[in-house]
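> Predicted structure and sequence below. I'll ask about it afterward.
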Amino acid sequence: MIAKNGRVSPRKLRVNGTTVPAMRLAVPSKGMEEQTLEFLAACGLKVNRPNPRQYRASIPALPGLEVLFQRANDIFSKVTEGSVDLGITGYDIVQEHRHEDDNVVVLNTGLGYGACVLVLAVPEGWIDVSSITDVAEISAELRGRGQDLRVATKYPNLSRQFLFDNGINYFTLVEASGALEAAPALGAADVIVDLVSSGVTLRENRLKRVSGGTIVESQACLIGNRTALRDNESKLTVARDMLELIEAQLRSREFFTLNGNIRGESPDAVARLVTRHSEVAGLRGPTISKVYPKVGGEEGWYAATVVVQSKLLLQAVETLRRAGASDVSVGKLQYVFESKSWSFEALKRQLHERPDEE
Amino acid sequence: METLEVQRVRGTLDAPPPDDGRLRALAGTLRDYFELSGYRGIDTPVIENLDLFLRKSGEEIAARMYAFTHWNRKLCLRPEFTASIMRAYVNQLQDRPLPVRVHYAGPTFRYEKPQRGRYRQFTQVGLECVGGAGPATDAEVLAAACGALEAVGLRRYRLVVGHLGAVLQLLEQLGIEEHGQALILNNMENLARRRADPSEVVGRVLAMMGFGGDRANDEHTDDGADSENGEPSLLPTLLAEFGSEGAAHLAGDLLGRANLVLEGGSRSAEEIVSRLVTKAGRLDPSDRVRQAAEFIVKLHTIAGPADEAFGALDRLLADHNLDRAPLREIERSLGLLGAYGVSPSEVTVDLSLGRGLRYYTGLVFELHHEGSPGLTSQVGGGGRYDDLVRALGGRDGVPACGFSFGLERLRLALEAEGIAEPAQPVVDVLVVPLTPDDEHYAARCAGRLRNAGLGVELDVRQRGVRANLRHADREGIALTVIVGERERDQGHVMLRDMRTREEVDIDVADLPDAARGRL
């Protein structure tokens, strides 16, 4: 079926007797696969994959959404051409492939996993090199001998821009397939631009990072096709639901909920004890509720519940102790929703702005 | 299936009729004026070897070029003309007597954020005087620029004149090494006219020179890249005492004991160690870079109308023990310019003018149109670049000077001033064959009229008489020639005057004269 604008219109699916347009989400099939599935499950978007060898799956929580497993490198192009509507891929890939006329919006720049950095690395033996400025000088020296600085990379666009921005004009990008890190040792390149997560691979290949040599800090991100989301209300709704859950789940990671039983004369008195340290007294303040004693139990106990930032956990526990709490139970939160989904608001803005042009 | 429309590339413009005609006419008027000044046209390819623009254009342009590798050759679309013209001169014009005076016009390409008056493909119209030295040439080039502006009707424009000599001398005096000099020259515009925070610019320049604290600390380098603070450390100082070979040996031995290898692919151990030693011996340039930045800012603050600025500039240069020759050159050039009879509405002398290009060595200038309040637009600029011929592999000591207009910007300025577009060729006569059988005869009539120098449009769509007359009216075509079977048989035509609506039946041989007589 061909829509009026020449795009292939999405297949229709029948769910619960109603027809909804099929929406497609591409997730990485290699590398980040496991982490992605874990992440989605944590967001309440568990992927149901009947058979691990299949490349199609579904998310029961989002009927009408089809999940496709694809190579992280292909996901950007699938999203920009519109054969999938949403995609999860590395931010480094997005940065390398995106251009100003592309049809891609970034819905969420950091899903909190798959972290790595794109860096320029030089041979360890270059003991005279500690910063990108040194690399610039060496490229000038090489030029004096009629040579170019050879840079092995799978990220030609980001590399080129980065080199120019750092005053390195004379370079040759060496297209490397496979073991990029070995290129300097094999004499195929002088330096490399590559993704680093732990730094082990660099060390094993006798390479080192230099200061000022970080090009992109990357992690998994969620992208979408601009036209699909702008022109199709039901797709935008699915995207909003995903964003809501993702955002609330990511935010929930920053908080713990604490519960302690405290003895006091009244709820107000207990509240005063708990709110003495305002930073650990919850987002707005504690909730105090009466504990009804078991038959024959003590009267005058109250349960105080606070939600605090993860980094303040122990401080909050201490505050509750000082307030007289005997046992403090701590729970992880599943979601923290704010008054609205900020990433969805940002998405709406992105969908309706086009690059300005005279 | 409907096919998707292909859009033009972002930041580019189409010039449909009559735009194209107007732009060509505008370029034509400018170039005609250059011809009157003794310059002759030259053209060079749009595509060049990337290296040409890397040599002297400076980072600001290099990072914004449309560069690509095609079958393993590095090429680019020209971002400007001067380097191309100089290359052409070095390639094939070096035997001609100097000066070689040439003018040019054509598309140039830069990948910049599109704005009003700034496109990624834009048209430069300009000239170069190769082999012309000193204020006499500078004045000629200034006069050609101002004169051409006046020839297209722009009366209100400001001329800003500067000279790289002052800043270059200061950088030399401060002993800032070449890379640092280039960085500072690149930042002159930021410091002066764009009013960037000087300490921020200094920080950036120092970082690019390898002496920035913030740059080294702003990210973790888990592979042990040490942060540099510019203070010589002990090891390289000691190593320096062993000579390059000995030092390399010693360093290699030390590292070897730590199970590290001193090898760096295409770089030899000696090279690495000797650079380490040189680097450690460098002095922290922070103070000197700061002084240079302050000097540039000061130059800008005392810039002003020519008659007032010279005194203050003279004193400033004297205070810094700098040769005041640059000022004398400007004075002589401007003095001569007066004799050429051009009259900018304002002449400003500003020694902080840098133009963002690396190859300028002497006098530089810009032409600005003062548009709506707060919005000034540069319509052109240029200057002297005495080293470019040599940098491109030509003979030593061939001075050169030139400038270019941005055609699209100039047009915006003219529009803002409400200045009429230059006259364009128009269609004088519409020739209408009544039937396909009349087309041969109609084509012959059109040919006769064209040979007589008239603009002729021939109906090729069989529109019919009424529709053709309406078309002629709408397009302002003065005359219509209608030919049918009767006219064809008699060797006649029906000539209709669209204003008076008078029709005459005349012999085809009389057509050109009759038509011309009615225009």
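Nice, I can see it.
> burial count for the residue in the stretch 51-200 of chain B that chain A sits nearest to?
At 3.7 Å from chain A, B:Ala63 is the closest residue in the stretch 51-200 of chain B, using C-beta to the nearest C-beta. Placement of C-beta: from N, CA and C, glycine included. By other C-beta atoms under 10 Å in any protein chain shown, 18 other residues sit near B:Ala63.
> in the stretch 1-150 of chain B, what spans have low per-residue confidence?
B:1-2, B:57-60 (pLDDT under 70).
> Run through the strands of it in chain order.
For the stretch 1-150 of chain B, applying DSSP state E, counting those that start in this stretch gives strands covering B:40-41, B:47-49, B:67-70, B:73-77, B:100-109, B:121-130.
> what comes up buried for the third one?
Taking 16 or more other C-beta atoms under 10 Å in any protein chain shown as the neighbour-count basis, strand B:67-70 is seen to contain the buried residues B:Ala67.
> strands paired with that strand, and their directions?
Partners of strand B:67-70 in the sheet, by DSSP bridges, are strand B:73-77 (antiparallel).
> how many neighbours does residue 47 have?
Using chain A. 19.
> please go with chain B instead
B:Ile47 sits with 15 neighbouring residues when counted by other C-beta under 10 Å.
> next one: B:Ala207
Neighbour tally, B:Ala207, other C-beta under 10 Å: 22.
> Might one say that it is in contact with A:Asn166?
No. Look at B:Ala207 against A:Asn166 with C-beta atoms under 8 Å: they stay out of range, at 9.7 Å.
> Mutual contacts of the two, please.
Common contacts of B:Ala207 and A:Asn166 (C-beta atoms under 8 Å, 6 or more residues apart in numbering or on different chains): A:Thr133, A:Gly212.
> Look up how far B:Gly153 lies from the closest residue to A:Leu333 other than its chain neighbours.
Nearest residue to A:Leu333, sequence neighbours excluded (C-beta to C-beta, 6 or more residues apart in numbering or on different chains): A:Ser252, at 4.0 Å. The spacing between A:Ser252 and B:Gly153, counted by C-beta to C-beta, to the nearest Å, is 68 Å.
> Of the two, which one has the most company?
Between A:Ser252 and B:Gly153, A:Ser252 has the larger neighbour count (other C-beta under 10 Å), namely 20 against 15.
> residues touching the more buried one, list them.
A:Lys332, A:Leu333, A:Gln334, A:Tyr335, A:Val336.
> got JSON lines for the residues you listed, with secondary structure too?
Formatted as JSON lines, those follow (DSSP: H, G, I helix; E, B strand; the rest coil):
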{"residue": "A:Lys332", "secondary structure": "strand"}
{"residue": "A:Leu333", "secondary structure": "coil"}
{"residue": "A:Gln334", "secondary structure": "coil"}
{"residue": "A:Tyr335", "secondary structure": "coil"}
{"residue": "A:Val336", "secondary structure": "coil"}
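> Top of the residues you listed by number of neighbours, please.
Most surrounded of these: other C-beta under 10 Å gives A:Val336, at 17 neighbours.
> Phi first, then psi, for that one.
The phi/psi pair for A:Val336 (degrees, to the nearest 10) reads phi -130, psi 110.
> A:Glu137 now?
phi -70, psi -40.
> ok, now B:Gly356?
Torsion angles, degrees, to the nearest 10, at B:Gly356: phi 70, psi 10.
> again with B:Tyr157
Dihedral angles (degrees, to the nearest 10) for B:Tyr157: phi -150, psi 150.
> Return the distance of the closest residue to the residue of the stretch 51-200 of chain B closest to chain A other than its chain neighbours relative to B:Gln115.
Here the nearest residue to B:Ala63 in space, its sequence neighbours aside, is A:Phe164; by C-beta to C-beta, 6+ apart that works out to 3.7 Å. Distance of A:Phe164 to B:Gln115, given as C-beta to C-beta: 21 Å.
> higher neighbour count, the two?
For A:Phe164 versus B:Gln115, neighbours defined as other C-beta under 10 Å are more numerous around A:Phe164 (18 against 11).
> pretty sure that one contacts B:Ala62?
Yes. Counting by C-beta under 8 Å, A:Phe164 does reach B:Ala62; the two are 6.0 Å apart.
> What distance do you get for the residue nearest the centre of chain B to B:Gly131?
In chain B, the residue lying closest to the centroid (C-alpha atoms, centre = their mean) is B:Glu80, at 4.7 Å. Applying C-beta to C-beta, the value for B:Glu80 to B:Gly131 is 20 Å.
> ditto for A:Thr36
A:Thr36 is 66 Å from B:Gly131, by C-beta to C-beta.
> And for A:Leu314?
79 Å.
> the more surrounded of those two?
B:Gly131 (22 against 9).
> show me where pLDDT drops low in chain A?
Using pLDDT under 70, chain A drops low at A:1-21, A:177, A:279, A:354-358.
> For it, identify the residue most remote from the centre.
Farthest-from-centroid check, chain A (C-alpha atoms, centre = their mean): A:Gly296, 52.8 Å.
> which SS class is it?
coil.
> just B:His369 next, same as before
strand.
> got the contact list for the residue lying closest to it once chain neighbours are set aside?
Once flanking residues are discounted, B:His369 sits nearest to B:Ala413: 3.7 Å by C-beta to C-beta, 6+ apart. By C-beta under 8 Å, 6+ apart, the contact set of B:Ala413 is B:Leu154, B:Tyr157, B:His369, B:Gly371, B:Ser377, B:Val379.
> again, but for A:His97
Applying C-beta under 8 Å, 6+ apart, the residues contacting A:His97 are A:Phe76, A:Ser77, A:Thr80, A:Asn157.
> Okay, and the last one sits in which element?
Secondary structure from DSSP states H and E places A:Asn157 in helix A:156-165.
> helices and strands around that helix, which ones?
Packed against helix A:156-165 by the contact rule (3 or more C-beta pairs under 8 Å, 6 or more residues apart in numbering or on different chains; DSSP states H and E) you find helix A:91-97, strand A:116-123, strand A:149-153, strand A:171-175, strand A:191-196, strand A:207-218.
> Go again with 6 Å.
On a contact count with 3 or more C-beta pairs under 6 Å, 6 or more residues apart in numbering or on different chains; DSSP states H and E, helix A:156-165 meets no helix or strand.
> how far out from the middle of the chain is that helix?
A distance of 24 Å separates the C-alpha centroid of helix A:156-165 from that of its chain, computed with C-alpha atoms, centre = their mean, to the nearest Å.
> Give the buried residues for that helix.
For helix A:156-165, by 16+ other C-beta under 10 Å, it's A:Leu158, A:Ser159, A:Arg160, A:Phe162, A:Leu163, A:Phe164.
> Looking at these, which is nearest chain B?
A:Phe164 (3.7 Å).
> Now A:Val270: which helix or strand?
Using DSSP H and E, A:Val270 falls in helix A:267-274.
> next structured bit after that helix?
strand A:287-290.
> contacting residues around that next one?
Strand A:287-290 has contacts (C-beta atoms under 6 Å, 6 or more residues apart in numbering or on different chains) with A:Pro267, A:Val270, A:Ala271, A:Tyr302, A:Ala303, A:Ala304, A:Thr305.
> Closest one to chain B out of those residues, please.
Taking these together and measuring to chain B by C-beta to the nearest C-beta, the closest member is A:Thr305, at 38.3 Å.
> Count residues in the vicinity of that closest one, would you?
A:Thr305 has 16 nearby residues by other C-beta under 10 Å.
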